[in-house]
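Asks: Generate coordinates for the sequence data below:
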Amino acid sequence: MDVMGLSVKSGKNKTAPEPGQSDRAATLEQAPRRYRARINRAPVLDRMRVQELAGDIHSQSRLLEFLNLFLVLLPSRVNNVAGALASGDPQAASAAAQSLASSAAMAGAARLELVALLVDSDLRIGRMDRARETGRRLGPDAAELASALSRLLTGR
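Replies: Modelled structure (predicted):
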């Protein structure tokens, strides 16, 4: 499966194919390392998206209201994904990850959106362990985002 140009079918980090393994299979085995790098390159806060949102809303006060509400709801959205992953409920985790990705996209939270999409993608292909591994980034990434949004909202 391909998500945002990334192959997400993989298992372990490998550099060379095992005997009898196709080149495609070997490439897929390297995917976790590649998508971790992609996550790290994604901006925590995409200010261009925030500016686009401001243009769509046509009101500075409504933009600030939306971003503040996003910040208030962020911990519960992240906890919904984490809780469903911890309890082993792939349907609930997928729904929560999709909700988080959608709201993150609207708020310009590019890294959080990508992580949530990757969690959902892993769940859709039955890789609960990898979804949990990727999902462990949600808390720290959300905290970094909250800090960035707070700075934006206070003009610092």
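
Asks: tell me the centre residue of the chain?
Replies: Geometric centre of the chain, nearest residue: Val115, 1.9 Å, by Cα atoms, centre = their mean.

Asks: can you give me the strands for this structure?
Replies: Per DSSP state E, the chain carries strands over the ranges 2-3, 6-7.

Asks: hang on, the earlier thing: while we're on the residue nearest to the centre of the chain, how confident is the model there?
Replies: Looking at Val115, its pLDDT is 95.

Asks: So what does the closest residue to it other than its chain neighbours look like in phi/psi?
Replies: In space, and not counting its chain neighbours, Val115 is closest to Arg137: 5.1 Å by Cβ to Cβ, 6 or more residues apart in numbering. Just so you know, the C-beta spots here come from the backbone N, C-alpha and C atoms, and that holds for glycine as well. Arg137 has phi and psi values of phi -80, psi -20 when expressed as degrees, to the nearest 10.

Asks: quick one, what contacts Pro43?
Replies: Taking Cβ atoms under 8 Å, 6 or more residues apart in numbering, we find Pro43 in contact with 110-111.
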